[in-house]
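In: with the input below, show me the fold.
(chains A and B)
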Amino acid sequence: MSARKIKENPNLKHICMNNEVSRREFIRTGSVSLAGMAILPSFLSFGCNRLTEQSGLNEYLEHFGVSKEMLQKVMAEALSRGGDYCDLYFEHTLSNNVGLMDNEVNRAGSNIAYGVGVRVLKGDQTGYAFSEEVSLEAMLKVAKTAASIANESKDFPSINLSEKVNPDYYKFKTAWEDVSIKQKIPYLQKLNDKIFALDEKVDKVQVYLNDESSYVLFANSEGIMSCDYRPMFSLYASVVMIDGDKKEDFGSSRSMRVGFEYLTEDLLDEVAKEAVDGAKRQFLAGKPKAGEMPVVLAAGSSGILLHEAIGHAFEADFNRKETSIFSDKMGKKIGKDFVTIVDDGTNPNIRGSVNIDDEGIDTQKTKLVTDGVLTSYIHDRISAKHYGVDPTGNGRRESFRYAPLPRMRNTYMENGPHTQEEIIASVKEGVFVDSFTNGEVKIGAGDFTFYVKSGYLIENGKLTQPIKDINLIGNGPESLAEIEMVANDFKMDCSTWTCGKSGQGVPVSLGLPTIKVSKLTVGGVNA
Amino acid sequence: MKDNKKMELAHWASKYAKENGANEVSVSVYDSKQSDVEIREQKIDKIQESIESGLSIKLYVNGRYSTHSTNRLNKPELERFIKEAILATNYLAEDKYRSLPDRELCYNGEERDLKLSDSTYDAVDPRDKIDVAMKVEAETMGMDDRIITVSGSYGDGSSRGYMVMSNGVEGFNESTSFYVSASASINGGDSRPSAGHYMATRFWDKLNPEGVGKYAVERALQKIGAKKIKSGKMDMLIENRSVGRVFSSLLQPLYGYNLQQKRSFMEGKIGQKVASDALTIIDNPFIESGRNSRLFDRDGLAAKEMTVIEKGILKTYYIGNYYGKKLDMQPTTGSPSNLIFEKGSKDLNGLTREMKEGILVTGFNGGNSNPATGDFSVGVEGFYVKNGEVIHPIAGMNITGNHKEIWNQLAAVGNDPLTDRSWQTPSMLFEGIDFSGL
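Out: Have a look, this model is predicted:
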């Protein structure tokens, strides 16, 4: 299990874009002959209403070319072999990308993904199949495949479908589909110029802007039908600086469920400064001494500690199979009183938020650790049923091509009683870390790692020498118990974090106030 | 077998794009099938099947470039998709390095059977697939009381790709693969160590599940009681199956993208010593049934065998079409095919016996490497070795250093290359590595 920041790179296949005339304009005029609107052939193929973020359930049904009756037929087929639950997940995702390299906005791309996944559950067992063609015939065929997880002949009573209306955790003004590539290009160019203006050692800059609009229609055998529009915006800048024969690099990114209005001069200034300051500091950086020592984690992206040390091991599929090191710790005291850790899908506009999870369950703010006590695992339908608890809305999937699994959303720790100054002052010899690229955990052994791009040594309560490129390693339950101080400066990180599990990547976020862990093994050099 | 309709679709898309404003085009159409089954406690835990297809297109429009993909393949939609994409490309800045590769460097259509595809793929009975996965788990039953759970999996895939470039280059490839894997979780007291193993083949009749489950359980059992030892400089022997994780950091800076973007510590190193004499690597795309065998690469460049490193001396970079033009270098290929390492004389046990004090690394945890500077730091697990004897398992430790240095500390390679992987790595013994522990 792992997390990483996406770094866009021109070799990536699935990249994207948008065109001059906006989709909404197209919708308004309703003219098929209008040239130059956004790339949306699949919408056009249906020849009637186009979906927008304001569309209701009926428009989604129409868009995918399905009716309630068709869904009922497909579900009847899916449950014909004795399955006890089924769901249908329709998805249409349009992604666009535009990139700058060597001072010019000279690359772009787009991707369209369209299809439906059919899942059948029988107890803990899962049958899954998907189709890229949404016709009754194609859907019945995949339903039959998914149905084969069960093996008896049974008539399922007809399912009465009704709409479930979701809350809206990603409000925005201008949908990315309404933004042309021409409007985006100046922002990339400006960001490039800002980065070059900040320091004469800047030698290479790359900037990438990705946006995604995902339309999801969901129905299940409990009679729920719902629809969700999911926007995603990502901006990434990287810089290489050269000083004599020394070379250093650094990157900065932002990714949220927001609209075009989020992209401002101020944001560009922030990203430019972060990238250049980061790279400058690397020239001064060395390696700490190898071994165990106290580690102070700065507020913000240090939340990767929670994601790796605790989050994955709390995912209930591992716990129901008893393969997690936390399998026997429910209800037990596993941290100090001031340690409260949550996994939250409701934070407005944050990358890991979802209006509804991918198996039709309301998202929520789930307290995993409350005042130091393990209070909840991260559940999907299967594990919630196994444990006899309510699902937590963590059933997520990368796309219609995958069955959902228990996954994190935004994982963070709530504020504690200390201050950052107090925490740094309390360390005689240790490290302070504030920038990360990736992490990983072994669920059963509990050993987790995260890679520190930059930080500082702490000597006698003060930050001194910068450090770079070191791996930190600890053990989940031990490190959780060893969180000795928690500050009151919580910060959510808004970088491009993507969580990987069983071959599926989902967008997540993480956050932390400044904390101190009494010891982690720090990668370094030996005298 | 070639689906002529898909090939026609690729030709049509290329022609359509040219008629609508593209100067050059490269189109790839693919289709694939997959099935997977996972068994736990002799019951199906999960079964999944899929069929996919799609088209991707690289557009060269008035000196500008963009790339697009879709899984909506009906022609009216594709027409709009291509037209819109061409219009949008016009807003980009010109990039004089964007053009199709020279025709004479490209694949010439010569057919050669690399034995990558099993014609019986569609005839395999689904029940036999489930049986194979059942067998993987079944052989572990009753092996040890400390087993928490073992899952046995079977998977297969079949894929076909059709490439058409507007300069007349045309290519087709197809391959199948079959695999079995096992993942074992063990109750080790405070810890629940796990381990996995797999075997993969290109042909159904070569797939042998025997021993896969047992080996996963044995590896997990060996991890019981793992502990951290004191930090220090020691020898490091990396088991063949784990070498790839560290080796990939030596390959990264050889890519054209990293060289051109000044993100490579290998700049200007052709003909120079970058590793010890023990390292010789050949890139061979023509190995029969190889995991990464091919006749052409993503750019349409004809595959060829090449020496990457010879007795520690760097012989070539990985340069694709675009970065070749940007760097003013002859393209080789943008990415490795199969990597063949010159063998040493000893197996893993033999190499272990050569160690005075060190760690036999059997797995990695997280970590990263910076291709611009060579700095790296990675978590490790494995076994503490003293005077040639394995003493106890270790976990929770890091190795840290720089790739400019450690490859010169490579003392020996094993005679045990992993022949069923694309990077056929042998075990490797390094001297004087910085370990972080207690």
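In: what number of residues lie near whatever residue of chain A ends up closest to chain B?
Out: At 3.0 Å from chain B, A:Thr449 is the closest residue in chain A, using CB to the nearest CB. (Glycine included, C-beta is placed from N, CA and C.) For A:Thr449, the number of neighbouring residues by other CB atoms under 10 Å in any protein chain shown comes to 31.
In: A strand includes it, no?
Out: Yes - judged by DSSP: H, G, I helix; E, B strand; the rest coil, A:Thr449 forms part of a strand.
In: with adjacent residues omitted, what lies nearest to A:Ser221?
Out: A:Cys86 (4.8 Å; CB to CB, 6 or more residues apart in numbering or on different chains).
In: what's the domain layout of the chain?
Out: Chain wasn't specified; assuming chain A. A:2-282, A:291-522 (automatic domain parsing).
In: wait, I meant chain B there
Out: Split by automatic domain parsing, chain B gives B:4-221, B:232-246+B:343-436.
In: got JSON lines for these, with mean pLDDT, distance to chain A and mean neighbour count too?
Out: Listed next are those as JSON lines, based on pLDDT from 0 to 100; distance: least, CB to the nearest CB, whole Å; neighbours: other CB atoms under 10 Å in any protein chain shown:
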{"stretch": "domain B:4-221", "mean pLDDT": "95", "distance to chain A": "4", "mean neighbour count": "19"}
{"stretch": "domain B:232-246+B:343-436", "mean pLDDT": "96", "distance to chain A": "3", "mean neighbour count": "21"}
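In: let me have these in CSV, extended by distance to A:Pro513.
Out: Shown next, in CSV, are the domains of chain B (distance: least, CB to CB, whole Å):
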stretch, distance to A:Pro513
domain B:4-221, 29
domain B:232-246+B:343-436, 23
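In: can you show me the helices along chain A?
Out: With helices called from DSSP state H, chain A shows them at A:23-29, A:41-45, A:57-63, A:68-78, A:136-147, A:181-198, A:265-283, A:304-306, A:312-314, A:316-320, A:381-387, A:420-425, A:476-481.
In: try chain B
Out: Under DSSP H, chain B gives helices at B:4-19, B:75-89, B:126-138, B:212-221, B:243-251, B:256-260, B:321-327, B:348-353, B:403-406.
In: A:Tyr187: which of those helices is closest?
Out: helix B:75-89 (16.2 Å; CB to CB).
In: tally of neighbours for A:Glu421?
Out: 11.
In: out of the helices of chain B, which comes closest to A:Ile378?
Out: Here helix B:212-221 is closest among the helices of chain B (CB to CB), at 24.2 Å.
In: OK, contacts around the residue nearest to A:Ser221?
Out: Counting by CB atoms under 8 Å, 6 or more residues apart in numbering or on different chains, A:Cys86 touches A:Met75, A:Ala78, A:Leu79, A:Val118, A:Arg119, A:Val120, A:Leu121, A:Ala143, A:Ala146, A:Asn220, A:Ser221.
In: any idea how far B:Ser26 is from the closest residue to B:Asn23 other than its chain neighbours?
Out: Spatially, and ignoring its direct neighbours in sequence, B:Asn23 is nearest to B:Tyr60 (5.3 Å; CB to CB, 6+ apart). B:Tyr60 sits at a distance of 8 Å from B:Ser26 (criterion: CB to CB, to the nearest Å).
In: who touches both of those two?
Out: B:Leu100.
In: can I get the helices of chain B in CSV with distance to A:Ser238?
Out: Output for those, formatted as CSV (distance: least, CB to CB, whole Å):
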stretch, distance to A:Ser238
helix B:4-19, 31
helix B:75-89, 24
helix B:126-138, 43
helix B:212-221, 38
helix B:243-251, 18
helix B:256-260, 12
helix B:321-327, 17
helix B:348-353, 39
helix B:403-406, 20
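In: wait, A:Ala487 touches A:Gly416, no?
Out: Yes - between A:Ala487 and A:Gly416 there is a contact at 6.2 Å, judged by CB atoms under 8 Å.
In: who's in contact with residue 90?
Out: Using chain A. By CB under 8 Å, 6+ apart, the neighbours of A:Phe90 are A:Tyr60, A:Phe64, A:Val66, A:Gly115, A:Val116, A:Val134, A:Val216, A:Leu217, A:Phe218, A:Phe400.
In: was after chain B, sorry
Out: B:Gly21, B:Val61, B:Asn62, B:Arg64.
In: who's in contact with the nearest residue to B:Asn167 once chain neighbours are set aside?
Out: Nearest residue to B:Asn167 in three dimensions, chain neighbours excluded: B:Leu100, at 4.9 Å (CB to CB, 6+ apart). Applying CB under 8 Å, 6+ apart to B:Leu100 gives the contacts B:Glu24, B:Ser26, B:Tyr60, B:Met165, B:Ser166, B:Asn167, B:Val169, B:Gly300, B:Asn321.
In: the fifth one against B:Ser26, yeah?
Out: Yes - taking contact to mean CB under 8 Å, the distance of 7.2 Å between B:Ser166 and B:Ser26 places them in contact.
In: shared neighbours, those two?
Out: B:Ser14, B:Leu100.
In: does A:Met413 really touch A:Val517, like I thought?
Out: No - in this structure, A:Met413 is not within contact of A:Val517 by CB under 8 Å, at 11.8 Å.
In: higher neighbour count, the two?
Out: Per other CB under 10 Å, whichever of A:Met413 and A:Val517 has more neighbours is A:Met413, with 28 against 24.
In: identify the bridge partners of the more buried one.
Out: Note on A:Met413: beta-bridge partners A:Ile341, judged by DSSP bridges.
In: so how far is A:Ser302 from it?
Out: A:Met413 is 9 Å from A:Ser302, by CB to CB.
In: quick check: neighbours shared by these two?
Out: With CB under 8 Å, 6+ apart as the test, A:Met413 and A:Ser302 both reach A:Leu512, A:Ile515.
In: buried ones among the contacts of A:Cys86?
Out: Among those, the ones that count as buried by 16 or more other CB atoms under 10 Å in any protein chain shown are A:Met75, A:Ala78, A:Leu79, A:Val118, A:Arg119, A:Val120, A:Leu121, A:Ala143, A:Ala146, A:Asn220, A:Ser221.
In: and the spatially closest residue to B:Val217 that is not a sequence neighbour, bridged to which residues?
Out: Excluding its sequence neighbours, the residue lying closest to B:Val217 (CB to CB, 6+ apart) is B:Ala184, at 4.4 Å. With DSSP bridges applied, B:Ala184 shows beta-bridge pairing to B:Val150, B:Ala195.
In: go on, A:Thr93?
Out: For A:Thr93, the beta-bridge partners are A:Ala113, A:Ser214 (DSSP bridges).
In: what's the spacing between it and A:Lys501?
Out: For A:Thr93, the distance to A:Lys501 - CB to CB - is 20 Å.
In: equivalent analysis for A:Pro157, please.
Out: 35 Å.
In: quick one: contacts for B:Thr435?
Out: Let me fix one detail, which is that residue B:435 is Phe and not Thr. Neighbours of B:Phe435 in contact, by CB under 8 Å, 6+ apart: A:290, A:526, B:229, B:231-234, B:236, B:359, B:380, B:397-399.
In: no wait, A:Val433
Out: So A:Val433 contacts A:Val295, A:Val296, A:Leu297, A:Ala298, A:Ser302, A:Val452, A:Ser454, A:Gly455, A:Leu472 (CB under 8 Å, 6+ apart).
In: B:Tyr255 - nearest residue in space that isn't next to it in sequence?
Out: B:Tyr318 (5.0 Å).
In: pLDDT score for the one you found?
Out: Here, the pLDDT recorded for B:Tyr318 equals 98.
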